[in-house]
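Undergrad: Just need the structure, nothing else, for what follows:
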Amino acid sequence: MSEYLPSPARPVTAAGCALDVLHYRPYARIMVKVVAVELPTGVTVTYVESGDPAGVPVVCLHGYADSLRSFETMARAMPRSLRVIAYSQRGHGDATRPETGYRLADFATDALAFIDAIGLRKAVLVGHSMGSLVAQSLALDAPDRLSGMVLIGSAAAVTGNAPVQDLWQGTVRHLTDPVDPAFVRDFQTGTSATRIDPAFQEVVVAESMKLPARVWRETLGGLLDFDHTDALRRVKTPTLILWGDQDVLFSAADQERLRAALPHAVFTAYQGAGHNTQWEQPERVAKDVTRFALRLAR
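TA: This next block holds a predicted model:
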């Protein structure tokens, strides 16, 4: 039986992509539609949006093993004048899980296809962790489609990153189904430096538990050779970098390299925050993202 609601004539986007309303659920303190859209890349992703449909579009790209719900507490604190959109990337959340296609280029191709599918000419991209690497890729390959980008918990390269390599070598490359819930919980709690809302923490863990072992392996394996250090010097897209100074994955040295590659970027450090600043300090992140997006719209 299909997980989608039956429809005698499935609606399509302006780009001709089929849409299905899966259900309604609370998001950012309001009831929103969870919508599935088929992309020409062959995957179906789910997304939610809140705010003014005519507002500045802000498209949120979640991190490794997360989902569209990663931005829920941030979106809750953003003004209704913005159009805030978050989707679950391939293999994650309730998106479809192809057998192959988990290289960064695949996620970036999906992101551009998604922007097309929902009829956006340009958008501000907000990427967390892996999502920030996807945003960087679009800034390099499709700069005309970005009004700006916000990089949260980001880096110019993953090659040579000891914490990520340790995660891969020590655990992820060996994962089999069913994935150990203790590993998932340790992974999600271990990258935050401060206590987040317990109910939301359970949401995050539950979303990560949806991933089969192969998606954990293929996705992280596809990031290990990421290196935009030289390429980013070509980027002219207005950029805001948000970093928690207790980030255990991307260090202060990583931020120095990122800022050197993007000398025009605005950099903000969040004292006491870890890798997941939009979970740990959602109101402040929302304020910083809002200010940045509205400034670009002037």
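Undergrad: From one end of stretch 171-189 to the other, what's the distance?
TA: With Cα to Cα, to the nearest Å applied, stretch 171-189 spans 16 Å between its terminal residues.
Undergrad: quick check: mean pLDDT across that stretch?
TA: Taken as a whole, stretch 171-189 has a mean pLDDT of 98.
Undergrad: Give the helix, strand or coil label for T46.
TA: strand (DSSP: H, G, I helix; E, B strand; the rest coil).
Undergrad: Kindly provide the distance from it to F114.
TA: For T46, the distance to F114 equals 11 Å [Cβ to Cβ, to the nearest Å]. C-beta: built from backbone N, CA, C; applies to glycine.
Undergrad: ditto for V150
TA: Taken as Cβ to Cβ, the span from V150 to F114 is 17 Å.
Undergrad: When these two are compared, which one has more neighbours?
TA: Using other Cβ atoms under 10 Å, the more surrounded residue of V150 and F114 is V150, with 30 against 25.
Undergrad: Okay, and that one sits in which element?
TA: strand 146-152 (DSSP states H and E).
Undergrad: now W243
TA: Taking DSSP H and E as the criterion, W243 maps to strand 239-244.
Undergrad: again, but for E256
TA: Counting by DSSP H and E, E256 is part of helix 252-261.
Undergrad: Off-centre distance for that helix?
TA: 20 Å (Cα atoms, centre = their mean, to the nearest Å).
Undergrad: swap in stretch 174-182?
TA: Worked out by Cα atoms, centre = their mean, stretch 174-182 lies 23 Å from the chain centre.
Undergrad: Now do the end-to-end distance for that stretch.
TA: Stretch 174-182 has its terminal residues 15 Å apart, counting by Cα to Cα.
Undergrad: again with stretch 184-196
TA: 16 Å.
Undergrad: And the contacts of it?
TA: 65, 167, 201, 204-205, 208-209, 244, 246-249, 272-276, 279-281 (Cβ atoms under 8 Å, 6 or more residues apart in numbering).
Undergrad: Got a quick PyMOL command for the buried subset of those?
TA: Filtering the contacts of stretch 184-196 down to the buried ones (16 or more other Cβ atoms under 10 Å) takes a single PyMOL command:
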select buried, resi 65+167+201+204+205+208+244+246+247+249+273+274+275+276+279+280+281
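Undergrad: Among the contacts of stretch 184-196, which are located in helices?
TA: 167, 201, 204-205, 208, 279-280 (DSSP state H).
Undergrad: hmm, back to that, for the helix holding E256, packing partners?
TA: Contacts defined by 3 or more Cβ pairs under 8 Å, 6 or more residues apart in numbering; DSSP states H and E place helix 252-261 against strand 239-244, strand 266-270.
Undergrad: Buried residues, that helix. List them.
TA: Residues of helix 252-261 classed as buried: 254-255, 257-259, 261 (neighbour count, 16+ other Cβ under 10 Å).
Undergrad: Equivalent analysis for stretch 278-288, please.
TA: Buried, per 16+ other Cβ under 10 Å, within stretch 278-288: 278-282, 284-286, 288.
Undergrad: In TSV, list those along with distance to T176.
TA: Shown next, in TSV, are these (distance: Cβ to Cβ, whole Å):
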residue	distance to T176
Q278	31
W279	28
E280	31
Q281	36
P282	34
R284	39
V285	35
A286	38
D288	40
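Undergrad: Which one of those residues is nearest to A265?
TA: D288 (13.0 Å; Cβ to Cβ).
Undergrad: Contacts only, for S154.
TA: Counting by Cβ under 8 Å, 6+ apart, S154 makes contact with 127, 129, 132-133, 136, 241, 243, 250, 258.
Undergrad: Tell me the secondary structure at it.
TA: Classification of S154 using three-state DSSP returns coil.
Undergrad: Then L125?
TA: Assignment for L125 (three-state DSSP): strand.
Undergrad: Show the contacting residues for D66.
TA: 92-93, 128-129, 204, 207-208.
Undergrad: From the residues you listed, pick the one nearest D20.
TA: Closest to D20, out of all of these and judged by Cβ to Cβ, is G93, at 15.0 Å.
Undergrad: Mutual contacts of T46 and F114, please.
TA: 37, 87.
Undergrad: Would you map the strands across the stretch 51-200 of the chain?
TA: Using DSSP state E, counting those that start in this stretch, the strands of the stretch 51-200 of the chain run over residues 57-61, 83-87, 123-128, 146-152.
Undergrad: Could you report the separation of the residue lying closest to Q165 once chain neighbours are set aside from W168?
TA: Nearest non-adjacent residue to Q165, counting by Cβ to Cβ, 6 or more residues apart in numbering: L224, 7.3 Å away. Distance, L224 to W168, using Cβ to Cβ: 6 Å.
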